[in-house]
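> Show me the folded form of this:
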Amino acid sequence: MTTKNIYKLAAEKTAEKHRKIQLQVAGADRRAPAKKKESAMQAGTRKYPEPPMATQHLAKPGIEAKLDLAPMCDAPFYKGSGKLQDRIAIITGGDSGIGRSVAILFAREGADVVIVYLNEHQDAENTMKMVEAEGRSCLLIAGDVTDRDFCKHAVKQAISEFGRIDVLVNNAAFQLHVPDFKDLTEEHFDCILKTNLYGYFHMAQAVIPHMKAGSSIVNTGSVTGLLGNKDLLDYSLTKGGIHSFTRSLGTHLIPKGIRVNAVAPGPVWTPLNPADKEKKDVAKFGADTPMKRPAQPEEIAPAYVFLASPQCSSYITGEILPIIGGYTGG
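Just a heads-up that it's a prediction; the model follows:
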């Protein structure tokens, strides 16, 4: 028998083995019970809401106090241990949502907090009360982060109040879907770039001269910046830009001893999405994640503590930390 035929015969035997395995699996498929509808994954210290969520649409910018289903932000089982003791943190978009929960946990870890927000005054006041309930001070500053002069003003106010800045959390964002690419106007596109990119740039540039070695910047990215989103074309673009900005600035600031990282959340129950989606779409928000539900802010906020604290992440810079409820297998 020629070498060619020996290899050909061996290949036939392998193919026969493949068919045998295939038949075995086909039998297992037939015997397998019908798949039940998967319930949402609950792996936290308390139960979190599952879709259908509240059927509600909010006017921009989205007031958390008006949400029928209040986001869970206070993390009652999270115990502080001084990871940010006596540090000063500025949090943009800190009035509600992820920013509010970050402010609470930062305070629980010993930080005083500066909340920069647009015009959600009631939400900001509520967040300030929550920070003060943790035994720390809170300064509220209302304004638009797309305005470079305002960002300088906010930093100046923080320095005047607390004497220094140790942590910047860039979190303020604008998000609004479009049903078709042609519906994305230049005004819309300009608004989202100004808020999500220029706002981060302005705040970082204003804060960095006041930071010392051991300080940190934590940016809010998004799963849309990792995977894209067909309905959030401009938002995804800005979040991808934030990820690149994080990696580049993180390397750039190594000589100064300032770390820069980002958290990239998946769907999170905050005013941002009810202020974007129609009622029917809000109800099923987060249902298409592997965990079958959106995150609550308190499930995301500990990552900001981790990345902000020199006790936890002194050897981490330029990293993007996804918190997206699992990956699909295709």
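> could you point out which element follows the helix or strand bottoming out on mean pLDDT in the chain?
In the chain, no helix or strand scores lower on mean pLDDT, DSSP states H and E than helix 279-283, which sits at a mean of 76. Following helix 279-283 in sequence order, the next helix or strand is helix 297-308 (DSSP states H and E).
> Can you show me the helices along the protein?
3-31, 97-108, 121-133, 148-162, 186-193, 199-207, 223-227, 233-252, 279-283, 297-308, 310-313 (DSSP state H).
> how about these in JSON lines, adding mean neighbour count and distance to Gly266?
The way it works is simple: take the backbone N, C-alpha and C, and place the C-beta from them, glycine included. Shown next, in JSON lines, are these (neighbours: other Cβ atoms under 10 Å; distance: least, Cβ to Cβ, whole Å):
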{"stretch": "helix 3-31", "mean neighbour count": "9", "distance to Gly266": "31"}
{"stretch": "helix 97-108", "mean neighbour count": "28", "distance to Gly266": "12"}
{"stretch": "helix 121-133", "mean neighbour count": "18", "distance to Gly266": "23"}
{"stretch": "helix 148-162", "mean neighbour count": "17", "distance to Gly266": "28"}
{"stretch": "helix 186-193", "mean neighbour count": "14", "distance to Gly266": "19"}
{"stretch": "helix 199-207", "mean neighbour count": "23", "distance to Gly266": "20"}
{"stretch": "helix 223-227", "mean neighbour count": "20", "distance to Gly266": "4"}
{"stretch": "helix 233-252", "mean neighbour count": "19", "distance to Gly266": "12"}
{"stretch": "helix 279-283", "mean neighbour count": "15", "distance to Gly266": "16"}
{"stretch": "helix 297-308", "mean neighbour count": "23", "distance to Gly266": "9"}
{"stretch": "helix 310-313", "mean neighbour count": "16", "distance to Gly266": "21"}
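> which of the ones you listed has the lowest average pLDDT?
Among these, helix 279-283 has the lowest mean pLDDT, at a mean of 76.
> from the chain's centre, how far out does that helix sit?
21 Å (Cα atoms, centre = their mean, to the nearest Å).
> and if you look at stretch 10-29?
So, by Cα atoms, centre = their mean, the centroid of stretch 10-29 is 45 Å from its chain's centroid.
> returning to that earlier point: could you dump the helices of the chain to TSV with distance to Cys73?
Formatted as TSV, the helices of the chain follow (distance: least, Cβ to Cβ, whole Å):
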stretch	distance to Cys73
helix 3-31	44
helix 97-108	4
helix 121-133	8
helix 148-162	22
helix 186-193	25
helix 199-207	22
helix 223-227	20
helix 233-252	22
helix 279-283	19
helix 297-308	5
helix 310-313	21
